[in-house]
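> Sequence and predicted model, in that order:
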Amino acid sequence: MTVSNPNFPDVMTWIFDGSGKAVSLDPDEFASWIPAGPEGQFAWQHLRLEAPSTVPLLRAGGLDEFVIDALTADETRPRCTVHGDGVILNLRGVNLQEGQPPEDMISVRLWLTENKIIGVWRRPLDAVADMLAAIDRGQVPKSPGDFVARLALRLADRAEPAITDLNERVDDLEEALLEANAEISRSELAAIRRSSIVLRRYLVPQRDALTTLEIEDVPWLQAHDRSRLREASERIYRIGEDLAAVRERVQIIHDQLMDERAERMNSRMLVLSVVSAVFLPLGLVAGVLGINVGGIPGAESPHAFWVVCALLVALGGMLLGVARWLGMFR
């Protein structure tokens, strides 16, 4: 599993010419930059949230406080909000940092306009690193909509190994369940179920956010952009279905474990019931014969003890036969 690059610079700025080429731009020039080249040219600036220069750069870019607050919020959920001539888009990706749970998802906040994209990140995200690597290879987005679609697809690509890992863990538990006297950890089941629930809680709204962007009447989104966005939302929808299936499979395993434990408990209770049904009358007879009062039959006979033992054995056998006839051993 690839680990996100923790050494992202605080500010990254690029200009895309709309035809597959990209060049870097001085961050201080981004605010005043306007398209001066071929049609379809746009710029992307990506900022680290905690960097001292982030908020001044956002204000220098002419963003109002509503947009700045959305980009710098402490906690975010996937959403798409049209604001003026731009769009606020929050997305999330799985956490692939070493030792971190994938469900601790990392946000990327975007402000999209016809010729500018502003992104804010708090923790490095592999999908953004993939975008940068693709730009280095010459695979450059051709429009803001294409940029978002590529990013969303990268987020889906990075989420799929985490989903595959959950499925493999469930497969192992299902195979272990088929073995006799298998010990399955309930904490492992709970961890898998929690991961699937948390991942789905963010990915389903992410699909809704992309679908909202696709259907919004934004003039700078072209037909091919909407098609790519639809593809990205469908990928995330399929991931959401896989997560729902993982959760259901875990619930089935849990139910089977509970059924097996209930059956074992019932069989033990049945044994205790049979023992009680047999020995309660025997104990009653022995108790009656053991009271210290006169008139106990056989008190003076040297053979009375063995006669009583024989009678108790016969009574016990009869009671076992009655229990079998009543079906208590089935």
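Sure, I can see it.

> can you list the residues that contact stretch 222-232?
When contacts are defined by C-beta atoms under 8 Å, 6 or more residues apart in numbering, stretch 222-232 is touched by residues 143-146, 148-150, 152-153, 156, 210-211, 213-215, 221. C-betas here are computed from N, CA, C, even on glycine.

> Nearest to Asp165 among those residues?
When the contacts of stretch 222-232 are compared for distance to Asp165, the smallest value, 15.3 Å, is given by Ala156; criterion: C-beta to C-beta.

> show me what contacts that closest one?
With contacts defined as C-beta under 8 Å, 6+ apart, the neighbours of Ala156 are Ala232, Arg235, Ile236, Ile239.

> Could you identify the most distant pair in those residues?
Largest pairwise distance in the contacts of Ala156, by C-beta to C-beta, is 10.9 Å, between Ala232 and Ile239.

> out of these two, which sits in the busier spot?
For Ala232 and Ile239, the more surrounded residue by other C-beta atoms under 10 Å is Ala232, and the numbers stand at 26 against 22.

> Name the SS class of the residue nearest in space to the middle of the chain, please.
Compute the mean C-alpha point of the chain, and by C-alpha atoms, centre = their mean the closest residue is Ser196, 2.3 Å away. Ser196 carries the three-state label helix when classified by DSSP: H, G, I helix; E, B strand; the rest coil.

> shouldn't Val11 be in contact with Ser53?
Yes: taking contacts as C-beta atoms under 8 Å, Val11 lies within contact range of Ser53: 6.6 Å.

> These two - which one has more neighbours?
Neighbours were counted for Val11 and for Ser53 using other C-beta under 10 Å; Val11 has more, 17 against 14.

> Pairing partners for that one in the sheet, please.
When bridges are called by DSSP bridges, Val11 pairs up with Leu47.

> measure it to Ala176 for me?
From Val11 over to Ala176 the distance is 50 Å, taken as C-beta to C-beta, to the nearest Å.

> Equivalent analysis for Ala129, please.
37 Å.

> So between these two, which is more surrounded?
Ranked by neighbour count (other C-beta under 10 Å), Ala129 and Ala176 place Ala129 first, with 18 against 13.
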